[in-house]
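Participant: Structure of the sequence below:
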Amino acid sequence: MRKKRMALAVAMAFPILAGAQNAPTKSLGVVTITEGQPTSLPTQIPTTMESVTRQDIEQKINATDSEDALKYLPSLLVRKRYIGDYNHAILSSRASGTGNSARSLVYGDGILLSNLLGNGVGGLSFPPRWGLVTPEEIERVDVMYGPFSAAYPGNSVGAVVDYVTRMPTQFEAHGKVGFQVQPFELYNTDQTFRSWEASTSVGNRNGDWSWFLNFNHTDSESQPLTFATRLVSQGTPGTAGTPVTGAVVERNNANLPEFILGTQTQYHTKQDHAKVKVAYDFSPTVRAAYTLGFWQNDSFGDSASYLRGPTGNTVTSGAINIGGTQFPALTGADFPLTQESLTHWMHGLSIKSHTQGVFDWELAASLYDYSKDIKRQNAASNPIPAARDGGAGTIADGSGTGWNTLAARGTWRPFGQNGPHIFEGGLQQDSFKLDYLTSNASDWLNGVPTTPVSDVAGKTRLRSAWAQDAWSFAPAWKTVLGGRYERWDAYDGLTFIAGTPTATNLTPPPLLNTPQATRSESHFSPKAAVSWQWRPDTVIKASVGRAVRMPTVQELYGATSTTNSLFINDPNLRPEKSWTTELSLEKDLGNALVRATLFTENTHDAIYSQLLPVIGTNGNLINVSRVQNVDRIATQGLEFAANAADVWLHGLELQGSLTYAHSIIKENAGFVVTPGDTIGKRQPNIPLWRATALANYHWSQQLSTSIAARYSGKQFRTLNNSDVNGFTYQGVSKFFTVDLRAVYQATKATSVAFGIDNVNNYQYWNFHPYPQRTYVAEMKVDL
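Facilitator: Sure thing, here's the model as predicted:
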């Protein structure tokens, strides 16, 4: 009976794959990974873990991008604004918000996809490189919560996500086309935005060789993501300026009245993805694998004015007058145009043994290269419509930026696979290089760079040694004890900004246009976990771990400047230091597995960007985002998760989660407006409550339908919680969305699917507006 229950527990924790070759297994609350393919995961995982399989994605999720696979997992949210979102889709977790991309790790077949060159979207943007994995190539996604494994750096404090992609054992070929339609109504915008994508893949195993090819093209239109505004208080009574109509009265995130003048950042994005995977088995237990990934993105960001002059003409520049109140002149900064051209390459090479005997080992290396990374934009002095034909602007070039990783690790089982001790350890080196030059151009569309506007560059390197022991010290007990030693270096730092405005209220003053000194630090992070098989159907486990999240290159050196904003780096940032704990109870109910987890996190020197008002040299107000340390943030929370099969009806699958997180700023010498204004306030982008629910029913072998829902409570974006109005531009709102999906297997080789995301058309925000109701249609062929 006990064996039956434990088998069911594995099946519910890892649906579909349980019992399959190389699938994860669970015993005494500890997950064991036996995957022969390259992976970032250690073999013994002592903490909460959730998984999504290929079948889950195909049957239950309207997945247009790889991050959609995470949509209904407990406590996770990806800030995806549109299909193909390449610069803002940041992963958040229990105590890490959507502004903290450096507090999670994302891998694809063991290759680092997290962009640890920076954090969040301050100045530059640093989401994971989701585009290097397509939904069609995913075999399984594993998520580990918290920094409880010594195998990972401190960026694992939030979560570790590992995408395992297909490697065929026989010939297979796949093709898929998808179409999406989003009717969008907001302010004076009433348009329909369309997207489509096509994907094809083929692979085979021939003797000792295995190979897999995947190609994907996406053509996507986003809704408008930003807006031109004027605070009502910026106006003065008078008759100067062009009389205009069409401005929309709104309240901003601080609940102050403002006018919405038009849209910005409405992307048309075209992306191409290609991947080649080759593996060679030197023996039944030793495999070498190489992955080559290619990602190309061409996008145009458009703007449109709502304003109409006395003759009905569109007004995009000059002083304006709204109802007898005159406002500062419109410039090219109000209605910007952008054109981006990006080409990135990814390489991964590994050789690994998987005997599952006394000793296994792995050597791995990866490289991510910004081969081409160009962003062009019109200048403030060059407004539309003239800017559509060129004229003054800037060209930003990040080519040559990237990172590389090296790793060696081993697993020693002195008493065999089921023995009382399994030792793991390894050496790692992760190196990051940022090189970003912004220059003026006389023709922003087709011209060449001239004089520099800003030049930021720098490097960081993290060298680590780690070890852990999974010890079954009694029949019903197991512990995992480990530690991680890290040596961090930051060097070759350069921060130059031409014409930097004088900041009269920043103490200490920003370190700009100054060569940066080399820095080195060393840290040790202990880890411990214990699990107890309390009853045949119940496991109790506890974990504690320290994580040290080092500052990124961008936070140290990456200052950027635009017409009315400035991001200021800090080369003296202290690393984040977090202690995280969790206590879980997992119970098998026969046809369901339920889990309750109590978690805490205490973080000293949390790294955040704080918005500060700065008076420039011309007396104008500049929005300065300055990265600083927040002295201490404390989080306590509770997470419930459940999976069930054949509940009430044969063929009905249910899953759901509920998370409560109380995350408060306890200490902070810094401030936003006045000293002490952040103490006692909630951590940005962490809601008190969030929940997911999903039901999937198999009506027959051919037809299945799903309904899913997500909820998130009220959040704040600012450290002093002054953004009290979430349902507006730059606000962060609560939301409740419902998604539908139906899949019909027309023949053995062909299937069609239809879905609706946000069927209730809930209008919600995370600085930008999220997508409204979106219709999805797919057709797929599998040979």
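
Participant: From here on, just use CA atoms for contacts and neighbour counts.
Facilitator: Will do.

Participant: could you list every residue that touches residue 682?
Facilitator: 662-665, 716, 719, 721 (CA atoms under 8 Å, 6 or more residues apart in numbering).

Participant: Can you get me the start-to-end distance on stretch 367-387?
Facilitator: 38 Å (CA to CA, to the nearest Å).

Participant: can you pull the buried residues of that stretch?
Facilitator: Within stretch 367-387, the residues that count as buried by 16 or more other CA atoms under 10 Å are 367-384, 387.

Participant: still on that earlier bit, and the contacts of residue 682, which is closest to residue 395?
Facilitator: residue 719 (32.3 Å; CA to CA).

Participant: which non-adjacent residue is nearest the closest one?
Facilitator: residue 678 (5.6 Å; CA to CA, 6 or more residues apart in numbering).

Participant: For the strand or helix carrying residue 594, which helices and strands make contact with it?
Facilitator: If you go by DSSP states H and E, residue 594 is part of strand 592-615. Of the remaining helices and strands, those touching strand 592-615 by 3 or more CA pairs under 8 Å, 6 or more residues apart in numbering; DSSP states H and E are helix 2-13, strand 576-588, strand 621-645.

Participant: hey, least reliable of those by pLDDT?
Facilitator: Lowest mean pLDDT of the helices and strands packed on strand 592-615: helix 2-13, a mean of 34.

Participant: Identify the residues contacting the residue of the chain most remote from its centre.
Facilitator: Ranked by distance from the centre of the chain (CA atoms, centre = their mean), the top residue is residue 239, with 48.0 Å. By CA under 8 Å, 6+ apart, residue 239 lies in contact with 321, 324-326.

Participant: Let's see that with 10 Å instead.
Facilitator: 320-326 (CA atoms under 10 Å, 6 or more residues apart in numbering).

Participant: how close does it get to residue 314?
Facilitator: 19 Å.

Participant: Then residue 346?
Facilitator: 45 Å.

Participant: which stretches of this structure aren't confidently modelled?
Facilitator: Applying pLDDT under 70 to the chain flags the ranges 1-44, 46, 122-123, 499-514, 560-567, 610-624.

Participant: Show me the longest strand that occurs in it.
Facilitator: strand 257-283 (DSSP state E).

Participant: Provide the strand pairings for that strand, with the direction of each partner.
Facilitator: strand 209-221 (antiparallel), strand 226-231 (antiparallel), strand 248-251 (antiparallel), strand 286-305 (antiparallel) (DSSP bridges).

Participant: between those strands, which gets nearest to residue 73?
Facilitator: Here strand 209-221 is closest among the strands paired with strand 257-283 (CA to CA), at 25.3 Å.

Participant: Can you name the residues that contact residue 162?
Facilitator: Residue 162 touches 39-41, 51, 105-113, 140-144, counting by CA under 10 Å, 6+ apart.

Participant: Next, work out how far apart residue 55 and residue 69 are.
Facilitator: Taking CA to CA, one finds residue 55 at 11 Å from residue 69.

Participant: higher neighbour count, those two?
Facilitator: More crowded of residue 55 and residue 69, by other CA atoms under 10 Å: residue 69, with 25 against 15.

Participant: how about the nearest residue to residue 545, chain neighbours excluded?
Facilitator: residue 527 (4.3 Å).

Participant: quick one: strands adjacent to the helix or strand in which residue 529 is found?
Facilitator: Assigned by DSSP H and E, residue 529 belongs to strand 519-535. Strand 519-535 sits in its sheet next to strand 477-497 (antiparallel), strand 538-549 (antiparallel), going by DSSP bridges.

Participant: Pull the distance from the shortest one to the chain's centre.
Facilitator: Right, the one you point to is strand 538-549. Chain-centre distance of strand 538-549: 23 Å, with CA atoms, centre = their mean, to the nearest Å.

Participant: That one vs strand 576-588, what angle?
Facilitator: Angle of strand 538-549 versus strand 576-588, following axes from the mean of the first three to the mean of the last three CA atoms, to 10 degrees, is 170 degrees.

Participant: For strand 538-549, output the C-alpha coordinates as PDB.
Facilitator: Provided in PDB are the C-alpha atoms of strand 538-549 (Å, rounded to 0.1, in the frame of the first residue of the first chain):
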ATOM      1  CA  THR A 538       2.800  12.200   4.800                       C
ATOM      2  CA  VAL A 539       6.200  13.800   4.500                       C
ATOM      3  CA  ILE A 540       7.400  16.800   6.500                       C
ATOM      4  CA  LYS A 541      10.500  18.700   5.400                       C
ATOM      5  CA  ALA A 542      12.400  21.800   6.400                       C
ATOM      6  CA  SER A 543      15.000  23.800   4.600                       C
ATOM      7  CA  VAL A 544      17.300  26.700   5.400                       C
ATOM      8  CA  GLY A 545      19.800  28.400   3.200                       C
ATOM      9  CA  ARG A 546      21.900  31.600   2.800                       C
ATOM     10  CA  ALA A 547      22.100  33.300  -0.500                       C
ATOM     11  CA  VAL A 548      24.500  36.100  -1.500                       C
ATOM     12  CA  ARG A 549      23.300  38.000  -4.600                       C
END
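
Participant: From residue 544, how far off is the residue nearest to residue 545?
Facilitator: 6 Å.

Participant: One more: residue 342?
Facilitator: 41 Å.

Participant: Looking only at neighbour counts, state which of those two leads.
Facilitator: residue 544 (24 against 19).

Participant: still on that earlier bit, next step: the contacts of residue 682 restricted to helices.
Facilitator: If you go by DSSP state H, the contacts of residue 682 have nothing in helices.

Participant: Let me know the closest of those residues to residue 633.
Facilitator: For these, the nearest to residue 633 is residue 665 (4.4 Å; CA to CA).

Participant: and the residue nearest to residue 545, what are its bridge partners?
Facilitator: residue 482, residue 545.

Participant: from what I can see it touches residue 547, true?
Facilitator: Yes. At 9.1 Å, residue 527 and residue 547 qualify as touching, with contact defined as CA atoms under 10 Å.

Participant: More neighbours: which of the two?
Facilitator: Set residue 527 next to residue 547 and count neighbours by other CA under 10 Å: residue 547 wins out with 30 against 24.

Participant: isn't the more buried one right next to residue 146, touching?
Facilitator: Yes. Here residue 547 lies in contact with residue 146, judged by CA under 10 Å, at a distance of 9.1 Å.

Participant: if I look at those two, which residues touch both of them?
Facilitator: Common neighbours of residue 547 and residue 146 (CA under 10 Å, 6+ apart) are 103, 154-158, 580.

Participant: Out of these, grab the one that's most surrounded.
Facilitator: Ranked by the number of neighbours (other CA under 10 Å), the shared contacts of residue 547 and residue 146 place residue 157 first, at 31 neighbours.
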